[in-house]
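**Q** Sequence and predicted structure, then a few things I'm wondering about:
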Protein chains: 2
Amino acid sequence: MSQTPDSAVRTYIQHHRAAFLDDLTAWLRIPSVSAQPDHAPDVRRSADWLAARLTETGFPTVEVWQTPGAPAVYAEWPSADPAAPTVLVYGHHDVQPAAREDGWDSEPFEPVVRGDRLYARGAADDKGQVLFHTLGVRAHLAATGRTAPAVHLKLLIEGEEESGSPHFRALVEEHAGRLAADAVIVSDTGMWSEDTPTVCTGMRGLAECEIRLNGPDQDIHSGSFGGAVPNPATAAARLVAALHDEHARVAIPGFYDGVVELTERERALFAELPFDEERWLRTAKSHATHGEAGHTTLERIWARPTAEVNGIGGGYQGPGSKTIVPSSATVKLSFRLVAGQEPGHVEKAVRAWVADQAPAGVRHEITFSGATRPCLTPLDHPALQSVVRAMSRAFQQPVRYTREGGSGPAADLQDVLGAPVLFLGISVPSDGWHAPNEKVELDLLFKGVEASAYLWGDLAESWRDAP
Amino acid sequence: MSQTPDSAVRTYIQHHRAAFLDDLTAWLRIPSVSAQPDHAPDVRRSADWLAARLTETGFPTVEVWQTPGAPAVYAEWPSADPAAPTVLVYGHHDVQPAAREDGWDSEPFEPVVRGDRLYARGAADDKGQVLFHTLGVRAHLAATGRTAPAVHLKLLIEGEEESGSPHFRALVEEHAGRLAADAVIVSDTGMWSEDTPTVCTGMRGLAECEIRLNGPDQDIHSGSFGGAVPNPATAAARLVAALHDEHARVAIPGFYDGVVELTERERALFAELPFDEERWLRTAKSHATHGEAGHTTLERIWARPTAEVNGIGGGYQGPGSKTIVPSSATVKLSFRLVAGQEPGHVEKAVRAWVADQAPAGVRHEITFSGATRPCLTPLDHPALQSVVRAMSRAFQQPVRYTREGGSGPAADLQDVLGAPVLFLGISVPSDGWHAPNEKVELDLLFKGVEASAYLWGDLAESWRDAP
């Protein structure tokens, strides 16, 4: 009796399940915390471990790429078909800091299986989701009888994602030729929930700035001068208050220029998700929802640009009181951007707006830090549909669509390589990224392996069929 | 050839000038810094020194009053005329901290005369202006041939003014019977300038509060939640921005209830002062004026109530950026109050206004600290006119009127004793209160002695003439 291709994949995964978990456990024991300098040797060890594992998997080319910070791992496995598309998988091998005393029930770097879950720092973010591609590509080969993947497969697994990827863009630019790809698969996100498998179609971008408002040359007495000179803390507050209009829309002229609006179909798809606002609020630890009029909470966090005050400070903040007019005040703002928005255009709009708001006698300085572009793949993009089919086959049910409200270095790959970014991830919100007791659901982890195994053949096929 | 009363006063002062300066110098050598605990013995020594000096001056009753903090000095010298009015002089014997390395050209507690100025911490604020009453009352007696002052004279010289007078009100309440007076003379202020002698007619009051706005239970990720939950830093900013309307008037309903408006005569008197706005801005270290529409700078700082942000803080204020929605934000506000405003009423108005502004999902806490009432003496008040005449005789020119934008413990005397507060001071803005190289102009100091010498007789006379 001959197997279907899917059952062949499942059988292969079943046979290699235990060995895969041993591998993952070994990797998770390496505390590759990129934010802590004394873990630099561990991050290096983690890169070397992954490089060795990719070589064992069969990648003919495996390299550890140095950066001024932590090393990245790069691997290539060309398809036997020169006309096949090239796919670049992105992930990261560094992890967030973790210590038992933060509230972990077990040592964060001593992985342990309790029930159907594997607990360890990095189990879901992102070692588990990187490693599932190694078993995935082996299952793909075994089930299809190939000796090389159906696509030209490349992997770039960076070592500084948890530290803000400070050298990632330069690395990608330096190696742009070798990294060239027709599509990028990011495996560093998740899905809606255990019961609702989803595919993410985009991430928001990010622009950040700090605005300093300078009033009197030093703090001055509020009795002697108060009420007759401009107060920079008041100016800062008025600036922040003017960020949004009465509909909670960003009131900076030109901010919404180019914004790709949600289609009716996308809004309908979001609305179909089993969203429980009360539960979401508990996760957000917030006591109310609030946002742009005319949009639901999911639309607001996934598909609408925002302006957020991340910090504000000025004058006396110690105990008690001090009767001064402060000399200066500072506001830190971040703007989440959606498809169609250019960070450079937003920066110009913000600069013009701030210059327009600052009152006489209050000078302002504004500093923008590195921006991240948004990314969005249209629902009908063939590569996106390949991801959707691979996930549907793995989960044996239709998958739905989400987006990601955050911003990530994936956008650098899109920018530099000019390739669409797709997301393949199986983590769920309860996995506890960056929190104590991070875990991965083992059932979902192996669905990830399975989806990876299906994806390469599907992508190659849809590439061939494309006009 | 017989002397006029004024020339008799001047002659007496001339004869005792050197001894008076020796006394003042001795007192200024005591570093009675109330804010620094290791100077507590010096503050005590300062009180004892003053008590001894008042006894030598002739006050039959001199006491050092303990408080939970630094001691005050109390003295009484009854008039021979039981029907004479009772006058209480207020000042303080503690000083601001000072150290040579702060920018002093000589040791702050080693008084030195350079030109016509005496340099030392406390020379003007307030030891010089307290001590001139001792020579003043002796000159009054000598010139009029009396053995006791024309008024029942009381002095209360506190030891914690530079530390916010934390125990002053309780002290006044405890001794309210003995402190009872028909008028209070505060000698802890100054005048317009060397060339323009003035009498201050009132001080602003003060109400202070801290408002804490609580949003999410912890800082949350601005990518995952931003744009869909209320941000307490935004709420804080909107609160502050709403403090003033487009005319820079305080927009809190009820805030202006009861405010005693300036009369046309008072506005005209303010306008007559040789006010140089450019120079004032340099003193303020501000780069523009700004304030309530329809009022001049002097009106704004002397006679109009204000709302000022003394501090604001929330979220991330360190270097770089942090993409969070902050959990909370804090605003410190102070309100300068003018005659007719009740701190309790203002507190109620602020509380109602804040409750009305805070958005859903943002809880607020508001804490008021101790308030100070405003004080204002009408221009035609007989006791004020006595002060004006005493100053005019001392300076041999008409004096003009000012007010004080700050707030002081004098208001506690007004409140508890129910007596009008008058101000007799000869310090000038260049004296450098709280700054390095504090000094007193010797010519002005002896004009102060002279004014004090004239005041008691004038007050007794105008009291007799009062209907």
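**A** Done, it's in. Since we're looking at a predicted model, the values are computed, not measured.
**Q** Which secondary structure state does the most centrally placed residue in chain A sit in?
**A** Centroid check for chain A by CA atoms, centre = their mean gives A:G408 as the closest residue, at 4.1 Å. When classified by DSSP: H, G, I helix; E, B strand; the rest coil, A:G408 comes out as coil.
**Q** Would you confirm that it contacts A:V184?
**A** No - with contact defined as CB atoms under 8 Å, A:G408 does not count as touching A:V184 (11.4 Å). From N, CA and C alone the C-beta is placed, and that goes for glycine too.
**Q** tell me the strands in the stretch 351-467 of chain A, going along the chain?
**A** A:363-372, A:375-376, A:400-404, A:421-423, A:439-441 (DSSP state E, counting those that start in this stretch).
**Q** for the longest one, packing partners?
**A** Strand A:363-372 sits against strand A:205-214, helix A:343-357, with contacts defined as 3 or more CB pairs under 8 Å, 6 or more residues apart in numbering or on different chains; DSSP states H and E.
**Q** quick one, which of these is nearest to chain B?
**A** Chain B lies closest to strand A:205-214 among those, at 4.6 Å (CB to the nearest CB).
**Q** average pLDDT across that closest one?
**A** Here strand A:205-214 scores 96 as its mean pLDDT.
**Q** same check, this time on stretch A:272-290
**A** pLDDT averaged over stretch A:272-290 gives 94.
**Q** Could you do stretch A:301-319 as well?
**A** In this model, stretch A:301-319 has an average pLDDT of 95.
**Q** got a list of what A:A251 touches?
**A** For A:A251, the contact set (CB atoms under 8 Å, 6 or more residues apart in numbering or on different chains) comprises A:242-245.
**Q** Write the ChimeraX selection for whichever of those are buried.
**A** A single ChimeraX command selects the buried members of the contacts of A:A251 (16 or more other CB atoms under 10 Å in any protein chain shown):
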select /A:242,243,244
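**Q** confidence score at A:P467?
**A** According to the prediction, A:P467 has pLDDT 53.
**Q** where does the stretch 301-450 of chain A come near chain B, residue by residue?
**A** Within the stretch 301-450 of chain A, the positions near chain B by CB under 8 Å from any CB of the partner chain are A:301, A:304-306, A:308-317, A:320-326, A:329-330, A:332, A:334, A:336, A:359-363, A:369, A:404-407.
**Q** From the contacts of A:A251, pick out the ones that also neighbour chain B.
**A** Near chain B, judged by CB under 8 Å from any CB, the entries from the contacts of A:A251 are A:242-244.
**Q** how about A:T377, phi and psi?
**A** Torsion angles at A:T377 (phi, psi; degrees, to the nearest 10) stand at phi -110, psi 130.
**Q** Next up, the contacts around it.
**A** A:T377 neighbours (CB under 8 Å, 6+ apart): A:201-202, A:383-384, A:420-422.
**Q** could you redo the last one with a cut-off of 7 Å?
**A** A:201-202, A:384, A:420-422 (CB atoms under 7 Å, 6 or more residues apart in numbering or on different chains).
**Q** can you check A:F109 too?
**A** Shown in contact with A:F109 (CB under 7 Å, 6+ apart): A:28-29, A:31, A:120-121.
**Q** One more: A:A35?
**A** A:97, A:162-163.
**Q** Separate out the buried members of these.
**A** Buried by 16+ other CB under 10 Å: A:162-163, out of these.
**Q** where's the one residue in the stretch 201-350 of chain A that gets nearest to chain B relative to A:I252, distance?
**A** As assessed by CB to the nearest CB, chain B sits closest to A:A288 within the stretch 201-350 of chain A, at 2.5 Å. Distance, A:A288 to A:I252, by CB to CB, to the nearest Å: 24 Å.
**Q** Between the two, tell me which one has more neighbours.
**A** Taking other CB atoms under 10 Å in any protein chain shown, A:A288 and A:I252 do not tie; A:I252 has more neighbours (21 against 13).
**Q** What is the burial count for the closest residue to that one other than its chain neighbours?
**A** The shortest distance from A:I252 to any non-neighbouring residue, by CB to CB, 6 or more residues apart in numbering or on different chains, is to A:W353 (4.5 Å). Neighbours of A:W353 under the rule other CB under 10 Å: 18.
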